[in-house]
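Trainee: The sequence and its predicted three-dimensional model are supplied below.
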Amino acid sequence: MRLPLMVTALLLTGLAAAGCHRRSELPDPGIPYPSSTTSEKLATFLFKEEGRLYLMTVSVNATRFHDKDPFIPISVALANKTGTPLQIHRESFTLVDPVSGARYGLAGVEEVRRQGKMLYDLRLNDQEHLGMKLDGLHRAEAYFYGVERLATRGFGEDIRQRLVIDNVELHSFQYILDTLYFPRPEGELLGRTFELHVNSKGLQQPLFVVFTVPEK
């Protein structure tokens, strides 16, 4: 089972207006820290970490088209296969630059809506590649930016407006699937490697997926 662990957290050092910047966490010296190795791929733009307890995926299909925008989309699926509920909320997710140590919290709803492109981003979330992985699991409602992509067949509109739901209790054999937004990290975006961390009450250990934003 390949499941990265992070065990030592450092104090917060500051908040940015559009996202949270914190010092990097330090790994247990006895546990390899794969910050230079990307997670396994399910598809060209879809990275995953999976074990007996959890499944977490990151899709960067839409991310690569936002290299000049202030906020970048990252589509995330998180499945709980344990008997312990997980408390998932906006502070559960952190985008980490493993080279600089910069850390970014979720962007605000209104500023992302002003940027636009949300419906386009949802259509690139790679959910069609997750079918077998999510078989037998039940989707929990999580709409961090108030929109949902529907699994429809054929042609036609597949996007639905929702109320924002960004505080979720994820029970056993449930999953969430949503497109999240973070402030675009400083410097070039394309071709760089990042980590998406999840840390929440109920997790037996913090989780993260290591991924690269490809060229367009």
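Mentor: Cool, got the structure.

Trainee: For this protein, which segments are assigned as helices?
Mentor: 109-115, 118-122, 131-134 (DSSP state H).

Trainee: Tell me which of these sits most buried.
Mentor: helix 118-122 (a mean of 18; mean count of other C-beta atoms under 10 Å). Every C-beta, even on glycine, is put in place using the N, C-alpha and C of the backbone.

Trainee: picking that back up, could the helices of the chain go into a markdown table alongside mean pLDDT and distance to Ala79?
Mentor: Converted to a markdown table, the helices of the chain look like this (pLDDT from 0 to 100; distance: least, C-beta to C-beta, whole Å):
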| stretch | mean pLDDT | distance to Ala79 |
| --- | --- | --- |
| helix 109-115 | 94 | 25 |
| helix 118-122 | 90 | 19 |
| helix 131-134 | 88 | 7 |
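
Trainee: any idea how far Glu215 is from the spatially closest residue to Gly136 that is not a sequence neighbour?
Mentor: Of all residues not flanking Gly136 in the chain, Phe173 sits nearest, at 6.9 Å (C-beta to C-beta, 6 or more residues apart in numbering). Per C-beta to C-beta, to the nearest Å, Phe173 is found 37 Å from Glu215.

Trainee: quick revisit: out of the helices of the chain, which comes closest to Pro73?
Mentor: helix 118-122 (4.2 Å; C-beta to C-beta).

Trainee: outside of that closest one, which residues touch it?
Mentor: By C-beta atoms under 8 Å, 6 or more residues apart in numbering, the residues outside helix 118-122 that reach it are Ala62, Pro73, Ser75, Val112, Tyr145, Val147, Glu148, Arg149, Ile159, Thr179.

Trainee: so how far is it off the chain centroid?
Mentor: Its chain's C-alpha centre and that of helix 118-122 lie 15 Å apart, by C-alpha atoms, centre = their mean, to the nearest Å.

Trainee: Helix or strand with the lowest mean pLDDT in the chain?
Mentor: Least confident helix or strand of the chain, by mean pLDDT, DSSP states H and E, is strand 15-16 with a mean of 34.

Trainee: beta partners of the residue nearest to the spatial centre of the chain?
Mentor: Residue closest to the average C-alpha location in the chain (C-alpha atoms, centre = their mean): Val76, at 4.0 Å. Note on Val76: beta-bridge partners Val58, Asp178, judged by DSSP bridges.

Trainee: residues contacting it?
Mentor: Per C-beta under 8 Å, 6+ apart, neighbours of Val76: Met56, Thr57, Val58, Ser59, Phe93, Ile176, Leu177, Asp178, Thr179, Leu180, Leu196.

Trainee: just checking, the first one touches Gln205?
Mentor: No - under the criterion of C-beta atoms under 8 Å, Met56 makes no contact with Gln205, lying 11.9 Å away.

Trainee: Can you pick out the residue with more neighbours from those two?
Mentor: Between Met56 and Gln205, counted using other C-beta atoms under 10 Å, the more crowded position is Met56 (23 against 13).

Trainee: can you count the residues close to Glu186?
Mentor: By other C-beta under 10 Å, the residues close to Glu186 number 10.

Trainee: Closest one to Phe45 out of the contacts of Val76, please.
Mentor: Using C-beta to C-beta, the contacts of Val76 come closest to Phe45 at Ser59, 5.7 Å.

Trainee: That closest one and His171: what is the separation?
Mentor: Computed as C-beta to C-beta, the Ser59 to His171 distance reads 24 Å.
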